[in-house]
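1. The following block contains a protein sequence and its predicted model.
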Amino acid sequence: MDKVTLMFPGFRTKAFTLSFDDGLDTDIRLAGVMKKYGIKGTFNVNSGLFSPEGTVKPAGRDSIPLTVSQAKELFSDPDFEVASHGYRHIALGHTGGADAMMDVLNDRITLERTFGRLVRGFAVPYSSYNDDVRTMVRLAGFAWARGGGRKTDFLLPREDEWYDWTGIGQLDGAVDDLIDRFVGEPNLYYHGQLLMLYGHSYEFENVDGLWEKAEERFRKLVSCEEIWFATNSEIHEYVRAFRGLVYYADMSAAYNPARVDVFLRCDDGKFRIPAGKEAKI
Ligand SMILES: [Zn+2]
């Protein structure tokens, strides 16, 4: 037995996730549409920018930040992950130093205290990245960071790429072709494939037909039984669990030290390695 490849939960070969920034009131409508289709995703919010309770959206505004009570209701649903987008949405790469460190760490502390959930992800405001920002994010306890970028190859992040995770913006002209390829082309030979779509929910309000377009995309995606729908951190945790499997030297069995079941394919077939257990492969 030589080749072990990753499958997603339920022996699926593909995974899809959404990542939306800025913590806006339009996230509530988006979450409703996601729920309708069974799509999961991650909302990257700024805990220093919540609207005061009772704020009424001014006429002519596409969106305003969520209030804390709106956000608490949204994130009471485990299908919607809360991740950090910095405390004040500052350009960390330009700010640097203690001010930037404080912004990163303060957001994680505030979000975890506010929502009572572990916060593992960080979307970099303005994609203002550099090695110092990656280090700050990692030392603040975030497991991954997502920026802008344009990923069209369906490859999972390598271990050294979790702090440069990216997908494709929902407004990119290539998205519909990419979804068609993702849904339509079988994934027979390679490690699990991933498609991440990112954006801002205000874009639905100021781009004509985008709400309808999103539903059309979701319908297409959920029609494909090969796709696992998950939040950003669920994908991170799952891929790390696969990569953390411990094999017997002769590859006759594997031990899974993680807290999630791992699904894999090898020369002898498809196998599930239960969380915390060993299984023959
Ligand atoms: Zn932003």
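-> Structure's in. What do you need? Keep in mind the model is a prediction, meaning the values are calculated, not measured.

2. how much distance is there from stretch 38-48 to the middle of the chain?
-> Computed by CA atoms, centre = their mean, to the nearest Å, the chain-centroid distance of stretch 38-48 equals 9 Å.

3. same question for it, mean pLDDT?
-> The pLDDT scores in stretch 38-48 average 98.

4. send the alpha carbons of it over as PDB?
-> Output of stretch 38-48 as PDB, limited to C-alpha atoms (Å, rounded to 0.1, in the frame of the first residue of the first chain):
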ATOM      1  CA  GLY A  38     -27.500  23.900   3.600                       C
ATOM      2  CA  ILE A  39     -24.400  26.000   2.800                       C
ATOM      3  CA  LYS A  40     -22.000  26.700   5.800                       C
ATOM      4  CA  GLY A  41     -19.500  29.500   6.100                       C
ATOM      5  CA  THR A  42     -17.500  31.900   8.100                       C
ATOM      6  CA  PHE A  43     -18.200  35.500   8.900                       C
ATOM      7  CA  ASN A  44     -15.200  37.700   9.700                       C
ATOM      8  CA  VAL A  45     -16.200  40.500  12.000                       C
ATOM      9  CA  ASN A  46     -14.600  43.500  13.700                       C
ATOM     10  CA  SER A  47     -15.600  43.500  17.400                       C
ATOM     11  CA  GLY A  48     -14.700  47.200  17.800                       C
END
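
5. What pLDDT is listed against Ile235?
-> What the model reports as pLDDT for Ile235 is 98.

6. For the closest residue to the ion within the stretch 151-281 of the chain, which residues are in contact?
-> Distance from the ion to each residue of the stretch 151-281 of the chain (CB to the ion) is smallest for His200, at 6.8 Å. Heads up, the C-betas are built off the backbone N, CA and C, glycines and all. Contact partners of His200, counting by CB atoms under 8 Å, 6 or more residues apart in numbering, are Phe20, Asp21, Asp22, Leu24.

7. quick one: which of these is nearest Lys270?
-> Within the contacts of His200, the smallest distance to Lys270 is 33.2 Å, found for Phe20 (CB to CB).
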